[in-house]
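*Asks:* Could you work out the structure for the sequence below:
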Amino acid sequence: MSSSNDGMMLSECARMTTAKEAAYRIPYPNSRERAAKIIALDAAAARVVDEISRKQWHGAKFFTSLSFSTDSRPGGTDEGIKAWLSDLKGRTMDLVDEIAGADFVVAITSAGEDARSVTMIGDACRANNKTLVGLIIPQDDTSQDDVNVSLEHLRPHTRMLVVANGIDYIETMLTALRA
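*Replies:* All right, here's what the predicted structure looks like:
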């Protein structure tokens, strides 16, 4: 479709770039920063999280460890499991509070490592209606059995689960998620 402008025919694309048409544009971005929480579940994944955190991100927070304890109060009242995240500067944050303030959460584990702590993250995500994405990083000496063990731990808790081959892949994933 074209239109006439001083006897000259403009394509629809060209017409949309005119000052007259610009008056109809919305003057702000069509999306806001997303609050992503990226959590390493093991030491090797913590090194990867530390490395990718050095890139430019929009609203993402990176955590290198997860710790927890059972907190029972005197008189038999049980507060349940308390969990904390450590950020890259060593500050301790409450897991539930961090997830409550997130748009989505990414848990990263190395293939074959103990990733059972993802259960707490998954429970907190479910309680706060947050999406949990799982990334498994195979190492050079990783067997398919190692990958399968990690898949078994993460699969019940994640909405998306990916075997990520390398840091570039993880960075691309986080960029696609608008972290």
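
*Asks:* quick one: buried residues of the host helix or strand of residue 48?
*Replies:* Residue 48 is located in helix 43-52, with elements delineated by DSSP states H and E. Of the residues in helix 43-52, those buried by neighbour count under the rule 16 or more other Cβ atoms under 10 Å are 44-46, 48-49, 52. Every residue, glycine included, has its C-beta placed from N, CA and C.

*Asks:* Who are the packing partners of that helix?
*Replies:* For helix 43-52, the packing partners by 3 or more Cβ pairs under 8 Å, 6 or more residues apart in numbering; DSSP states H and E come out as strand 36-40, strand 61-72, strand 104-110, strand 131-137, helix 167-176.

*Asks:* Would you format the ones you listed as TSV with distance to residue 156 included?
*Replies:* Output for the helices and strands packed on helix 43-52, formatted as TSV (distance: least, Cβ to Cβ, whole Å):
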stretch	distance to residue 156
strand 36-40	17
strand 61-72	17
strand 104-110	12
strand 131-137	10
helix 167-176	21
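
*Asks:* now these as CSV including mean pLDDT, distance to residue 145 and mean neighbour count?
*Replies:* Compiled in CSV, the helices and strands packed on helix 43-52 are given as follows (pLDDT from 0 to 100; distance: least, Cβ to Cβ, whole Å; neighbours: other Cβ atoms under 10 Å):
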stretch, mean pLDDT, distance to residue 145, mean neighbour count
strand 36-40, 96, 22, 25
strand 61-72, 80, 24, 16
strand 104-110, 96, 14, 25
strand 131-137, 96, 13, 24
helix 167-176, 92, 22, 15
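
*Asks:* Relative to residue 97, which of these is closest?
*Replies:* The closest of these to residue 97 is strand 36-40. By Cβ to Cβ, the value is 10.6 Å.

*Asks:* partners of the closest one, with directions?
*Replies:* According to DSSP bridges, the neighbouring strands of strand 36-40, each with its direction, are strand 61-72 (parallel), strand 104-110 (parallel).

*Asks:* do you know which of those lies nearest residue 121?
*Replies:* Per Cβ to Cβ, nearest to residue 121 of those: strand 104-110, 5.5 Å.

*Asks:* I'd like the next helix or strand past the closest one.
*Replies:* helix 118-127.

*Asks:* Return the distance of that following helix from the chain's centre.
*Replies:* 14 Å (Cα atoms, centre = their mean, to the nearest Å).

*Asks:* Excluding covalently adjacent residues, which one is nearest to residue 67?
*Replies:* Here the nearest residue to residue 67 in space, its sequence neighbours aside, is residue 84; by Cβ to Cβ, 6 or more residues apart in numbering that works out to 5.3 Å.

*Asks:* got it, and residue 41?
*Replies:* residue 109 (4.1 Å).
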